[in-house]
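Asks: Just the structure for this:
(one chain, ligands or ions: 4)
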Amino acid sequence: MINAELSTVFRRIADLMEIRGEDRFRINSYRRVSRVIKDTITDIAELAADGRLTELPGVGKGTAAKIEEYVERGSIGLLDELSSKLPAGLPDLLEVPGLGPKKVALAYHELKVGGMQDLKRAIADGSLAGLAGMGEISVKRIAEGIAFLESSGGRIALGQAVILAEPLAETVRAMPGVERVEIAGSLRRGCETIGDIDLLCIAPDGADIVGRFVKLDGVKRVLASGATKGSITIDLDSKREVQIDLRVVEAAAFGAAWQYFTGSKQHNVRLREIAVKRGWRLNEYGVFDGEKRLAGSTEKAVYRKLGLPWIPPELREDRGEFENPAAGEKLVTIDDIRGDLHMHTVASDGKSTLDEMAAAAKALGYAYIAIADHSKSSAVAGGLSIDRMWQQIEDVRAADGRIKGIKILVACECDILADGRMDYPDDLLAECDLVVASIHSAIAAGRVSVTKRTLAAIDNPYVSIIGHPTSRLINKRASSDLDIAAVAKAAADSHTALEVSAAWKRLDLKDLHARQAIDAGVMLCINTDSHHTDQLKQMPLGVTTARRAGAEPDHILNTRTIAGLQKWLGRKRSH
Ligand code: DGT
Ligand code: CA
Ligand code: CA
Ligand code: ZN
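Replies: Ligands and ions are numbered 1, 2, ... in the order given. Okay, the predicted model is just below:
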C-alpha cells in the first residue's frame, strides 16, 4: 500500500511550494490531493494500474500523471526540482513539531535558516523570537519539538515494525532448509518503538540463507552479509529506512540465542549474574558449566536451569520480573478479550459502516462492541450534533436488534471541553450504554488544566472510560502533562476505567502509566479506537502494552462477559 508515503510526497510538494512562495491555488490543490490519498482505502497503485486515478476527487490528468510517475519510479520529478532549489537541510525542519511551512518560510527568508543547526542557532541567539509572527511561545514550542524529535530519533512505532517483520519472517521461513524463524529484540518484547528488527533462524547452511536474505525484494542497503549474520535496510517511507538483522543459529543453541537476542540488555545482565553466582556461564550458546552445556535448545530450559519460570518477553525489562517471577504466568492474552468498546463509523469520521464493523468484530470472535462516534465539538472529525446523536442512539439500538450473534452497545466518544464540561448534556449521556470521554483540544494547556478536565470527566456519573488519557502520538506528540497518580486514584474510587488505546499511533496509556494505574486499583479497558474494519486487528498491540504493565484478565474490563461488563458499568451509574 503506497497511499501513506504518496500522501506525504504530495504534502511535501505543497510545503516546499509554500516556502518558495508559489501560487496559492496550486499549493492548496496539492494539499487537497495529499488528504484525499491519505483517506483512500484502496491501494493507489491499484487505481493507477486500472487507469482510475481521475475518479479521485481533485485529481485531474496532470496530478494523475504525477501519481503514475511515483508508482513507476518511486519519486516525482517536481519534488526533486523543488528540493534542488532550496537548502538540503530545509525539508527536515518540516518534521519538527510546532514548525509548519509558514514558519519555516519565515525563518528561511528572514534569517537564512536552511537546516537544523541554523535553526538551533536562531533559537539560541533570540533572532527567531524576534521575527514578526513568531513570538516567545512559538519558539518555546519549536525548541520542545526539536528535543522531542532528537529523543525519538530513528525509532519506529511497534505497529509499523510488526507489519514489516511478520511477512519478512514468513519469507525466510519459506527458504530451503530453514527449520524455524522467530522474532527477537525489542519487537518481541513489545516495546512501543523499535530501533531495529531482529530475526533468528535455524538452518543448516547459514551462508546460503544470509545470501538469499540480503537479496530479497525491497532491500535498500546491505550492511553485513556473513556465514551467520545478515543485516539489511528496507524503506519504511520516503524518509526513513529500517534495519533488519537476521542471525542463523544451530538448533542446540536456539533457546539460548532467542533469549539472548530478545533482551533487554538489563534483563540479560541480571540473568547472567544468576548464572555466575552458581559458578556457570550464560551466553547466546547456552548455560555452561565449564565446557558442558547444561541448557540451550529452549528458552524454558535456560530459565529453568537458572531457577526461574519462563518469563514472558514483555516483562524482560528488569522491572521486577526477577523479584516476582510468578507474575508472568497470569498475564492477559488476546484470547481473553471479548469485545472492543471504542470504534467509529461513517456516522462521524470512520470509513466503515456500523454493519461492516459488527461483521468484522464477529469474525474476530467478539461477544460485544460499542459504537462510539465523535461528539459535536469534534467538528473536523464529523462529530454528531445533539439531534444526530439522539438519532444515532435509535440507529444503533435498531442495528443491535437486527444483527445477530454479537451485542452492539450504544456509546459515544464525548469530548472533554477546554473548561472540563462534557460536550453532550447528561440526559443524552444517560441514554448511552457507556460513554468514552476524551480530550481532543487544548492538549498542551499544561498539567493543571488537563488533569482538572480529566478529573471533571471522571466525576460525571455517565462517563465509563477515559479515552487515550494522555493524548500522546508515538514519535509525534509526547504524553500530555497529566497527573497520572491523581487521575488513577479518582478513576479507581469512582469506578471509571482508563483506556489502553491499541491504536498503533497511540498505545495510550503506555506501559508504565498502565502499571501505575493497575497498582492504584484502576480497571483498564483495551480498545482499538478503530476508524476502519481493518484497524480492529490492532487489538494485540494494546494487549501487548497491557502485558508490559503486568495486566491480568481481571484488570481489563473487556475480558468480561457481556453480563459482567454491564454489571460493572451499572455500578457507577447506580451510585
Ligand atoms: P532496539 O533495537 O534498540 O529497539 O532494542 P533491542 O533490545 O532490540 O536491541 P538490539 O537490537 O541492539 O539487540 C537485540 C538484543 O540483543 C538486546 O535486547 C539484547 C541483546 N544484546 C545486544 N547487545 C548486547 C550486549 O552488548 N549485551 C547484552 N547483554 N545483550 C546484548
Ligand atoms: Ca532490535
Ligand atoms: Ca539488532
Ligand atoms: Zn479519540
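Asks: how close does the residue in the stretch 301-450 of the chain positioned nearest to ligand 1 sit to Leu90?
Replies: Taking CB to the nearest ligand atom, ligand 1 has its nearest neighbour within the stretch 301-450 of the chain at Arg316, 8.4 Å off. (C-beta placed from N, C-alpha, C; glycine too.) Using CB to CB, to the nearest Å, we find Arg316 at a distance of 42 Å from Leu90.
Asks: ditto for Asp511
Replies: Asp511 is 36 Å from Leu90, by CB to CB.
Asks: Need the per-residue pLDDT for the closest residue to Arg421 other than its chain neighbours.
Replies: With CB to CB, 6 or more residues apart in numbering as the criterion, Arg421 has its nearest non-adjacent residue at 7.3 Å, and that residue is Ala456. With respect to pLDDT, Ala456 scores 98.
Asks: Would you mind confirming that Ala456 is in contact with Ile416?
Replies: Yes - at 7.2 Å, Ala456 and Ile416 qualify as touching, with contact defined as CB atoms under 8 Å.
Asks: Of those two, which one has the most company?
Replies: Higher neighbour count among Ala456 and Ile416: Ile416, with 28 against 18, using other CB atoms under 10 Å.
Asks: What pLDDT is listed against that one?
Replies: 96.
Asks: If it is in a bridge, with which residues?
Replies: Beta-bridge pairing of Ile416 under DSSP bridges involves Met422.
Asks: any idea how far it is from ligand 3?
Replies: 41 Å (CB to the ion, to the nearest Å).
Asks: coming back round to it: distance check, the residue nearest to Arg421 against ligand 1.
Replies: 38 Å (CB to the nearest ligand atom, to the nearest Å).
Asks: Would you mind listing the residues in contact with that residue?
Replies: Shown in contact with Ala456 (CB atoms under 8 Å, 6 or more residues apart in numbering): 416, 420-421.
Asks: Now do the SS call for the residue of the stretch 1-150 of the chain found nearest ligand 2.
Replies: Ligand 2 sits closest to Glu150 of the stretch 1-150 of the chain, with a gap of 19.8 Å, by CB to the ion. Under the three-state scheme (DSSP: H, G, I helix; E, B strand; the rest coil), Glu150 adopts helix.
Asks: And the pLDDT for it?
Replies: 73.
Asks: repeat for Gly446
Replies: 71.
Asks: Run through the residues that contact it.
Replies: Asp481.
Asks: Please renumber the chain so that the first residue is 399 from this point on.
Replies: All right, first residue 399 from here; so that's Gly844.
Asks: Look up how far Ser878 lies from it.
Replies: 9 Å.
Asks: returning to what we had before: separation between the residue of the stretch 699-848 of the chain closest to ligand 1 and ligand 2?
Replies: Distance from Arg714 to ligand 2, by CB to the ion: 13 Å.
Asks: Point out where this protein drops to low pLDDT.
Replies: Scanning the chain for pLDDT under 70 picks out the ranges 399, 549-551, 636-637, 845.
Asks: residues from it in reach of ligand 3?
Replies: Contacts of the chain with ligand 3, taken as CB under 5 Å from the ion, map to 594, 596, 643.
Asks: if you set the cut-off to 6 Å instead, what comes out?
Replies: Contact residues, the chain versus ligand 3 (CB under 6 Å from the ion): 583, 594, 596, 643.
Asks: Point me to the helix or strand that includes the closest residue to the first one other than its chain neighbours.
Replies: Distance criterion CB to CB, 6+ apart; nearest residue to Gly583, sequence neighbours excluded, is Asp596 at 3.3 Å. Secondary-structure element containing Asp596, defined by DSSP states H and E: strand 595-600.
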